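Trainee: Here is my input; please provide its structure:
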Amino acid sequence: MLKKILVIHGPNLNLLGEREVDVYGHFTLEEIDAELKKIAKDKGVELDILQSSSEGEIVDKIGSARGQVGAIVINPAGYTHYSVAIRDAIAGVNIPTVEVHLSNIYAREEFRHKSVIAPVATGQIAGFGVESYKLGLQAAINLLK
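Mentor: You can find the predicted model right below:
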């Protein structure tokens, strides 16, 4: 059993705490990562964390994860709604994947209501801010068993 989880933060998440704080809150990506690392350490799981605004880099990272990680937690951010490439990468590696979103994408603009990732993810957690990531990581840890 692989006790390593890949966490992927999509485009613009490096700007958390600065951009659209009314939607995403005042916490930073570094603060989210610190929370996730604490949970992982407590559960005896290793994390591999990537933040990228490049679709190709995200696809490459997912593709190289096969045999390296037991689960993926991904916030595809803006790629959620149209990246067939990321969707196909997730489907292709056959690694249990939890899709997470800080905001409730179904309560926002209509174009955000469709996730092309959700049909190939094991599950989706949205709308709980930082808790979405924590819940997503806990779900991924449970999938390792």
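
Trainee: List the residues that contact the closest residue to residue 46 other than its chain neighbours.
Mentor: Excluding the flanking residues, the one nearest residue 46 by C-beta to C-beta, 6 or more residues apart in numbering is residue 4, at 4.4 Å. (Glycine included, C-beta is placed from N, CA and C.) Residues in contact with residue 4, defined by C-beta atoms under 8 Å, 6 or more residues apart in numbering, are 45-48, 68-70.

Trainee: Mark which of those residues are buried, thanks.
Mentor: 45, 47, 69-70 (16 or more other C-beta atoms under 10 Å).

Trainee: Need phi/psi at the residue nearest to the spatial centre of the chain.
Mentor: Residue closest to the average C-alpha location in the chain (C-alpha atoms, centre = their mean): residue 74, at 1.7 Å. Per-residue torsions, residue 74: phi -130, psi 130 (degrees, to the nearest 10).

Trainee: among the buried ones among the contacts of residue 4, which are in strands?
Mentor: Assignment to strands by DSSP state E places the following of the buried ones among the contacts of residue 4 there: residue 47.

Trainee: can you tell me which two in the buried ones among the contacts of residue 4 are farthest apart?
Mentor: 47 and 70 (11.5 Å; C-beta to C-beta).

Trainee: Between these two, which contacts overlap?
Mentor: Common neighbours of residue 47 and residue 70 (C-beta under 8 Å, 6+ apart) are 4-5.

Trainee: would you list every one of the helices in the protein?
Mentor: Using DSSP state H, the helices of the chain run over 21-24, 29-43, 55-63, 84-93, 130-143.

Trainee: helices or strands next to the longest one in the packing?
Mentor: Contact here means 3 or more C-beta pairs under 8 Å, 6 or more residues apart in numbering; DSSP states H and E; on that basis helix 29-43 packs against strand 4-9, strand 46-51, helix 130-143.
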